[in-house]
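Enquirer: quick one: sequence plus predicted model below, questions after.
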Amino acid sequence: MLTLELALAGLGIGSIAALAGLGLLVTYRFTGVFNLAFGAIAMATAYLLWQQVHVWHWPIGLAAPLDLLVICPLFGVLLERSVFRPLQRRGASTAEQLVASLGVLIVLLGMATVIWGAQARLDAPSIVPYRQLRLSGRLQVPLSTVVDLGVIVMVGLALVIGQHTRLGLEVRAVVERRSLAELAGLRVNRVAALGWAIGCALAGIAGVLMAPTMRLQPQGLTLVMLETMAVVVVARLTSPLWAIASALLIGVGQAELTRVRVNGSAEALLDALKSNLFVVVLLLALLMLRRLDERAAPDAGLAARLPTARGRVEARAWWLLPALTLTVPVLLSAQDRRTALAVPALAIVLVSVVVVSGYGGQISLGQAGFAGLGALVAGRLAAGTIPGLPRVPGALVLVLVPLLVLPVGLLMGWPAIRRRGLFLALTTFAFAVTISRFVFDQPAITTGVVVHPPDAFGSDNNFYVLELLCLGIALVLVHNLHTGRLGRALTAVRDDEMGAQASGIDVRFLKLLVLAASAALAALGGALLAMGSRAFDPSAFDPILGLIWFAVVVVFGVDSASGAVIGAGMLVALDAGAPSGTSILVIGVAALFLGRLPGGLVHTLSRLVDATMGGRVAAASVRVPVAPTRLTPTGRRALARTLHRPSSVRGAAP
Amino acid sequence: MNPLLEAHGLTKRIDGVLIVDEVDFVARAGQVTVIVGPNGAGKTTLFDCLSGVGTPDAGSVWHRGEDVTALPSDALARRGLARTFQRSSVFPTMTVADNLMVAAESHRRRGLLRGVVGMPEPRRLRHGAAVREVLADLGLTPAAHVVAGELSPGTLHLVELGRALCTGPDTLLLDEPASGLDDTEAEHLHQLLHRLAARNLAVVMIEHDLRLVDETADVVYVMAAGRAVVSGSPKDVLRRADVSSLLFGRPS
């Protein structure tokens, strides 16, 4: 009996996850955009309902239909119109669209935090009154579970029936080949708008159903919703039935696990498993699948690419700006200077994103995991509580931390070698969530971990100098990764893997190198972050932060190390000086406008300066050597193009 | 003349469909070997198997007398077997010169990590001169510092050929190198390929323009439906009635 009761309880959570997954899947199949924002849309809808019911005292019978059937679909249509349609018109890559959806997620997260605060609320309104239904004998089932299941059956039926209508046929045509469907006169935009409307409505429903079962908190609820993308991955981004089936299975499995009891050290692991089966399935599915049915098949090689500065080199003068960012703390009061200790540390973490995404061309959403590991290892090394390792004194910790986390980077790099684009992005994110849930959230591992700066650098001033030193070394290493033979090889791999391999470059080795180096850097930054605040705080390395850090780097220029330093300064300053959530909001808005800032903020600025000082650039382009001998017609044409388009030429002679 | 590249019984299926069917193939140093055949005959897939981009399901590939069937394409490129692609795989954010430089530097694997700690490349490993020479050979010198993403498709094929040459190859596999070039340019290119073969390289290419094939090729392979149906000198092969009906869909 108990087993059956648990299974019924599990079906409740399972069907909510199925709804969220279906929403994500519908948007993806209809439009080709993997809408990471669905988690935040669910969260924001739950908050909106809370506001209407608890603050404005609307009857829930009016508010809920309004939110779910009108506001959510309209929001979806608005997103399609204002954000994603322009991107697709421009032929933006998968990576750019992923960043835009990340922008939407971050904007909603920032808005929710600014309006409702970051604290958790326990009184999320439930649209289903709490009642137990008696099935037979002692078997009872909550009414909400019945409703959840009813909704998922209805949505599933609607999808199956919808496939056989005229509209369903149009959708399938658009899904198969968007450009051809457009040529055939199909209303591609309407299909896309429909996909967004359904996706957002389902996300909203899932959020409203999910919120009463847990706490209402911006980051927390968003992350829980994001974890349900496990079911979409199990469905290989294709089959809605698989998504529903796996969601119900995981839900039931999670509920049944509460019956299992073990003793000893496995108990903590089991406890973690009980509440995190979705995360485990997400990671396992990503590791075991050989490929996802990604929509961007025809130009998969190009699809992963993020907009970069296209071969432009930053002028040295640009380093003035980050240098200025780093000298500001010297002028601050002692109180503010303590806050500013986070700037160089965060800068190192952001530079680690530049290494993996800007130089390596791999989307990594999991840097928060490595940074947190770095902080944890630093604290336990200094205390001597890592089994098999002695107590490590002082600054030696900072040398060992990157070296100890580097193998973890290699471990994650191994599956990452064969993945790219969306697949890799999801894998890195799943990795970070797993580390967060199974390591950072485990009291046995993290309670009582104190992270102190090395003795000689105990005062804030000395510690700041130490941080600058670390940042300096990191920047020099990163600079070396980007120049000379190694830099050229890495750029080649980022630009075209097949071409790089055909040129004799060991692509796997370089990818591993980049991922490992980036993990080590993130660990160093994380250790310094924790030292600055004197403690290991799991929430400082929340997986959602990994998403935000990635967005910051893309906004400031994905291959710009100086941009990363400026970005770190801005993030810390806004967090300290403005209402909580403002920094997230700013980054989110900037990410949405990324289409207007090709190559990121720093490169856009430097281009503007170049344009106003045009004379200097033009003078440089004349120095292109002209060899009069043996010009083929192609060569002559290339030469003409060179001379007529001075902006495309890099100055230096060979 | 010694065979540089050999394949025996190469077979490749993609999603269960037989694309390359027991192909035997030889390319010799100093010769231009051309593969012709209608679209979908399996020419590019054969190239993929030969160059390590895809592993064949059956059969073996031999380069300079050694079995290289299982080697990945980067190892083959370092051995001296270079290839170009039908769809450009040039590095679009790098200049033309840097594109070639990457290939020249990757000929040796060692010393790559030297740069991490800021050590300069030793003088004997600098490849500027070699790159300049290839650029001049291809008439690309004026475009050396143009970012490759801004070039026309025809020029990109030249850059890709240059990149292949910079790996220091003894065998060149070129997938439709003349596509995107106009007649004069294509003729220039074929003269260049002839000169390369004269330097004792084995040049293998896929080409559709039969007039050029007739002029340039030393050996022609005709592929159809995954099989190498005929091979021999262009004079013999291209004038056969069955071949021209295969290539043109009607007897000539």
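Expert: Perfect, thanks for sending it. Numbers count the residues shown, from 1 in each chain, chains lettered A, B, ... in the order given.

Enquirer: the helices in the stretch 451-600 of chain A, which residues?
Expert: A:460-482, A:484-495, A:497-502, A:507-533, A:543-556, A:561-577, A:582-592 (DSSP state H, counting those that start in this stretch).

Enquirer: any chance of these in a markdown table, plus mean pLDDT?
Expert: Below are those laid out as a markdown table (pLDDT from 0 to 100):
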| stretch | mean pLDDT |
| --- | --- |
| helix A:460-482 | 90 |
| helix A:484-495 | 88 |
| helix A:497-502 | 91 |
| helix A:507-533 | 92 |
| helix A:543-556 | 92 |
| helix A:561-577 | 90 |
| helix A:582-592 | 89 |
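
Enquirer: can you redo those helices as JSON lines with mean neighbour count and distance to chain B?
Expert: Where you see a C-beta, it was placed from the backbone N, CA and C, and this is true even at glycine. JSON lines is the format used below for the helices of the stretch 451-600 of chain A (neighbours: other CB atoms under 10 Å in any protein chain shown; distance: least, CB to the nearest CB, whole Å):
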{"stretch": "helix A:460-482", "mean neighbour count": "18", "distance to chain B": "5"}
{"stretch": "helix A:484-495", "mean neighbour count": "24", "distance to chain B": "4"}
{"stretch": "helix A:497-502", "mean neighbour count": "23", "distance to chain B": "3"}
{"stretch": "helix A:507-533", "mean neighbour count": "26", "distance to chain B": "7"}
{"stretch": "helix A:543-556", "mean neighbour count": "27", "distance to chain B": "16"}
{"stretch": "helix A:561-577", "mean neighbour count": "23", "distance to chain B": "15"}
{"stretch": "helix A:582-592", "mean neighbour count": "22", "distance to chain B": "22"}
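
Enquirer: make a markdown table out of these and add distance to A:Val160.
Expert: Shown next, in a markdown table, are those (distance: least, CB to CB, whole Å):
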| stretch | distance to A:Val160 |
| --- | --- |
| helix A:460-482 | 51 |
| helix A:484-495 | 43 |
| helix A:497-502 | 39 |
| helix A:507-533 | 41 |
| helix A:543-556 | 34 |
| helix A:561-577 | 46 |
| helix A:582-592 | 35 |
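
Enquirer: quick check: B:Glu6 touching B:Gly59?
Expert: No: using CB atoms under 8 Å, B:Glu6 is not in contact with B:Gly59; the gap is 10.6 Å.

Enquirer: now the helix or strand where B:His157 lies: average pLDDT?
Expert: In the assignment (DSSP states H and E), B:His157 maps to helix B:153-166. Across helix B:153-166, the average pLDDT comes to 91.

Enquirer: can you pull the buried residues of it?
Expert: Within helix B:153-166, the residues that qualify as buried are B:154-166, counting by 16 or more other CB atoms under 10 Å in any protein chain shown.

Enquirer: contacts only, for A:Ala193.
Expert: Neighbouring residues of A:Ala193 by CB atoms under 8 Å, 6 or more residues apart in numbering or on different chains: A:Gly76, A:Val77, A:Glu80, A:Arg81.

Enquirer: may I ask you to name the longest helix in chain B?
Expert: Identified as the longest helix of chain B according to DSSP state H is helix B:183-198.

Enquirer: for that helix, what is the distance to the chain centroid?
Expert: 14 Å (CA atoms, centre = their mean, to the nearest Å).

Enquirer: what of stretch A:376-388?
Expert: With CA atoms, centre = their mean, you get 29 Å for stretch A:376-388.

Enquirer: dihedrals phi and psi, B:Thr224?
Expert: Just to correct that, residue B:224 is Ala rather than Thr. The phi/psi pair for B:Ala224 (degrees, to the nearest 10) reads phi -150, psi 130.

Enquirer: pretty sure it contacts B:Gly40?
Expert: No: between B:Ala224 and B:Gly40 there is no contact under CB under 8 Å: 9.4 Å.

Enquirer: more neighbours: which of these two?
Expert: With neighbours defined as other CB atoms under 10 Å in any protein chain shown, B:Ala224 and B:Gly40 compare such that B:Ala224 has more, 18 against 13.

Enquirer: show me what the more buried one is bridged to.
Expert: B:Ala224 has these beta-bridge partners by DSSP bridges: B:Arg227.

Enquirer: tell me the contacts of it?
Expert: By CB under 8 Å, 6+ apart, the neighbours of B:Ala224 are B:Gly37, B:Pro38, B:Ala41, B:Leu246.

Enquirer: again, only using 10 Å
Expert: Under the criterion of CB atoms under 10 Å, 6 or more residues apart in numbering or on different chains, the contact list for B:Ala224 reads B:Val36, B:Gly37, B:Pro38, B:Gly40, B:Ala41, B:Gly42, B:Val230, B:Asp242, B:Val243, B:Leu246, B:Leu247.

Enquirer: what separation do you get for it and B:Asp209?
Expert: 18 Å (CB to CB, to the nearest Å).

Enquirer: and the residue located most distally from the centre of chain B, what does it touch?
Expert: The outermost residue of chain B relative to its centre, with distances by CA atoms, centre = their mean, is B:Val117 at 36.0 Å. B:Val117 makes contact with A:Val476, A:Leu477, A:Asn480 under the criterion CB under 10 Å, 6+ apart.

Enquirer: please apply the same query to A:Ala576.
Expert: A:Leu332, A:Gln335, A:Asp336, A:Arg338, A:Thr339, A:Ala340, A:Ala342, A:Ser583.

Enquirer: need these in JSON lines (columns: secondary structure).
Expert: Formatted as JSON lines, the contacts of A:Ala576 follow (DSSP: H, G, I helix; E, B strand; the rest coil):
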{"residue": "A:Leu332", "secondary structure": "coil"}
{"residue": "A:Gln335", "secondary structure": "helix"}
{"residue": "A:Asp336", "secondary structure": "helix"}
{"residue": "A:Arg338", "secondary structure": "helix"}
{"residue": "A:Thr339", "secondary structure": "helix"}
{"residue": "A:Ala340", "secondary structure": "helix"}
{"residue": "A:Ala342", "secondary structure": "helix"}
{"residue": "A:Ser583", "secondary structure": "helix"}
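
Enquirer: buried subset of the residues you listed?
Expert: A:Arg338, A:Thr339, A:Ala340, A:Ala342, A:Ser583.

Enquirer: which one among those gets closest to chain B?
Expert: A:Ala342 (27.4 Å; CB to the nearest CB).

Enquirer: kindly tell me how buried residue 11 is, as a neighbour count.
Expert: Using chain A. 23.

Enquirer: sorry, should have said chain B
Expert: Neighbours of B:Thr11 (other CB under 10 Å): 16.

Enquirer: which SS class is it?
Expert: strand.

Enquirer: then the one 10 residues further on?
Expert: Remark: B:Asp21 carries the secondary structure label strand [criterion: three-state DSSP].

Enquirer: phi first, then psi, for the nearest residue to it once chain neighbours are set aside.
Expert: Setting aside the residues directly before and after it, B:Asp21 is nearest to B:Gly226 in space (CB to CB, 6 or more residues apart in numbering or on different chains), at 3.8 Å. Dihedral pair for B:Gly226: phi 90, psi -10, per degrees, to the nearest 10.

Enquirer: cool, the one 3 residues further on as well?
Expert: For B:Val229, the backbone dihedrals (degrees, to the nearest 10) come out as phi -80, psi -40.

Enquirer: same check, this time on B:Leu138
Expert: phi -90, psi 0.

Enquirer: quick revisit: next, format the contacts of A:Ala576 as a markdown table and append distance to A:Ala416.
Expert: As requested, those are arranged in a markdown table below (distance: CB to CB, whole Å):
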| residue | distance to A:Ala416 |
| --- | --- |
| A:Leu332 | 40 |
| A:Gln335 | 42 |
| A:Asp336 | 39 |
| A:Arg338 | 37 |
| A:Thr339 | 35 |
| A:Ala340 | 34 |
| A:Ala342 | 28 |
| A:Ser583 | 29 |
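
Enquirer: just those now: which is nearest A:Val449?
Expert: Distance to A:Val449 across these (CB to CB) is lowest for A:Ala342, with 18.3 Å.
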